[in-house]
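[1] I need the structure of the sequence given here:
(chains A and B)
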Amino acid sequence: MSNNTPDTEWPLWEVFIQPKPGAPHEHCGSVHAVDAEQALLNARDVYARRNEGIHLWVVPTQSITGSTPDDVGPFFDPANDKAYRHPQFYKTPKGVKVY
Amino acid sequence: MSLSAYLLRLGDDRLILGHRLSEWCGHGPILEEDIALANIALDLIGQANLLLELAGKEEGQGRTADALAYFREAVEFRNALMMELPRGDFAFTTTRQFLVSVFEVLHLERLQASKHHDLAGMAAKAFKETRYHARHSVDWMLKLGDGTAESHDRAQAALDELWRFTAELFESDDIERQIVAEGIAVDREALRAPWLAEITRVLTAATLKLPDGGFMQRGGREGRHTEHLGHLLAEMQIVARSYPGAEW
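    Predicted structure coming up:
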């Protein structure tokens, strides 16, 4: 795999923020940092200074395995014509609170 | 009167240090650190704004925070000398921030219990901000001190240069002792031991050497400043003085 990043560049970390209690952590961007503590501090300064959330995760970008553009067909297209995988065909019983 | 003098000291410390930090805006070593320094600068200037507003109110001559920030001469400023020293290299800025932030965490923690309601409120807000400033600068001291030979030498040089300005942080006088007795201000002298303990802990971990006592500089609280403050004020005040009363 080609790597155009000069090796003087600090490692990249992906940042995830939890907007409020109970909500899932959402990816919000990335920062450079030499270790986890610095990644956390940089994430705080770059992504959490306008009251965006209550909890942060930082993950080394290298630790994330992603699907490739070539995977789009086999991974996602088969879902197109399988509407029965969605739950809207089920009637919600009376008394059940709908979220 | 003594209360407004005390508030002016607290406010000027933050205004001048905040301005020095703001000089890094656009010049940080990496984007993330550039934003971090600007964030801290804004926190300090925000605290200065509250404190100078209070100082003006206690003084009772109708001076606003802006009037105090932009229309006083160098001899009227009451910040500790350490705050006005030029920003130097990144190690110098970081080391100063470390020495001051550790002091301010201890100071603000206690100031939250002030009998002066507005001052206690300011302290509660500033305490949270400053705990972050301390964590940020401690992390950098460890990285610079225990990093490369060059980063170690630069951090040690900054420490040796700054050390003679540290005693002023703990200096008290009759003005302060009176309002300490009234339960409004914090006894600075009592902060020296816990400050030194924390500084020593971090420097040891960072493989840096605690400087020897030696001669200590003072004079900022009485308006006797280094030559650097005048240059800083010229830049900080020129817009407000060129266009008095201007708003945007």
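[2] and after the least confident helix or strand in chain B by mean pLDDT, which helix or strand comes next?
    Every helix and strand of chain B was ranked by mean pLDDT, DSSP states H and E. The lowest is helix B:174-181, at a mean of 94. For helix B:174-181, the following helix or strand on the C-terminal side (DSSP states H and E) is helix B:192-205.
[3] now do that following helix: distance to the chain's middle.
    Centroid separation for helix B:192-205 versus its chain: 18 Å, with CA atoms, centre = their mean, to the nearest Å.
[4] is chain A within reach of it?
    No - using CB under 8 Å from any CB of the partner chain, helix B:192-205 never reaches chain A; the gap is at least 12.9 Å. (C-beta placed from N, C-alpha, C; glycine too.)
[5] per-residue confidence averaged over that helix?
    Mean pLDDT, helix B:192-205: 98.
[6] near chain B, which residues of chain A?
    Residues of chain A lying near chain B (CB under 8 Å from any CB): A:10, A:31-34, A:37-38, A:41-42, A:44-46, A:49.
[7] quick check on those residues: which are buried?
    A:Val31, A:His32, A:Ala33, A:Glu37, A:Gln38, A:Leu41, A:Asn42, A:Arg44, A:Asp45, A:Val46 (16 or more other CB atoms under 10 Å in any protein chain shown).
[8] farthest-apart pair in the residues you listed, please.
    Farthest apart among those by CB to CB are A:Glu37 and A:Val46. That separation is 15.0 Å.
[9] ok, residues contacting stretch A:36-45?
    The contact list for stretch A:36-45 (CB atoms under 8 Å, 6 or more residues apart in numbering or on different chains) reads A:13, A:15, A:17, A:31-33, A:56, A:58, B:32-33, B:35-36, B:39, B:132, B:135-136, B:139, B:143.
[10] ok, for B:Asp9, nearest residue in space, not its chain neighbours?
    You called it Asp, but residue B:9 is Arg. B:Arg78 (4.6 Å; CB to CB, 6 or more residues apart in numbering or on different chains).
[11] residue contacts, that neighbour?
    With CB under 8 Å, 6+ apart, B:Arg78 has these contacts: B:Ala5, B:Leu8, B:Arg9, B:Asp12, B:Gly220, B:Arg221, B:Glu222, B:Gly223.
[12] out of the buried ones among the residues of chain A next to chain B, list just those in helices.
    Residues of those located in helices (DSSP state H): A:Glu37, A:Gln38, A:Leu41, A:Asn42, A:Arg44, A:Asp45, A:Val46.
[13] what would the residues you listed look like in a markdown table with pLDDT?
    Putting these into a markdown table (pLDDT from 0 to 100) gives the following:
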| residue | pLDDT |
| --- | --- |
| A:Glu37 | 96 |
| A:Gln38 | 96 |
| A:Leu41 | 96 |
| A:Asn42 | 96 |
| A:Arg44 | 95 |
| A:Asp45 | 94 |
| A:Val46 | 94 |
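[14] wait, which of these is closest to B:Thr200?
    Using CB to CB, those come closest to B:Thr200 at A:Glu37, 20.7 Å.
[15] do you know how far that closest one is from A:Lys97?
    Remark: distance between A:Glu37 and A:Lys97 (CB to CB, to the nearest Å) = 42 Å.
[16] for stretch B:157-164, C-alpha coordinates in PDB please.
    C-alpha atoms of stretch B:157-164 as PDB (Å, rounded to 0.1, in the frame of the first residue of the first chain):
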ATOM      1  CA  ALA B 157      16.500  26.500  30.000                       C
ATOM      2  CA  ALA B 158      13.000  27.900  30.200                       C
ATOM      3  CA  LEU B 159      12.600  26.600  33.800                       C
ATOM      4  CA  ASP B 160      16.000  28.100  34.800                       C
ATOM      5  CA  GLU B 161      15.000  31.500  33.300                       C
ATOM      6  CA  LEU B 162      11.500  31.600  34.800                       C
ATOM      7  CA  TRP B 163      12.300  30.300  38.200                       C
ATOM      8  CA  ARG B 164      13.300  33.800  39.600                       C
END
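[17] contacts for that stretch, please.
    Stretch B:157-164 is contacted from outside by B:82, B:85, B:88-89, B:91-92, B:94-96, B:99, B:203, B:208-209, B:211, B:214-217, using CB under 8 Å, 6+ apart.
[18] can you point out the buried residues in the helix or strand that contains B:Leu229?
    Using DSSP H and E, B:Leu229 sits in helix B:227-242. With burial defined by 16+ other CB under 10 Å, the residues of helix B:227-242 counted as buried are B:Leu229, B:Leu232, B:Leu233, B:Met236.
[19] cool, and stretch B:53-64?
    In terms of neighbour count (16+ other CB under 10 Å), stretch B:53-64 has its buried residues at B:Glu53, B:Leu54, B:Ala55, B:Gly56, B:Lys57, B:Glu58, B:Glu59, B:Arg63.
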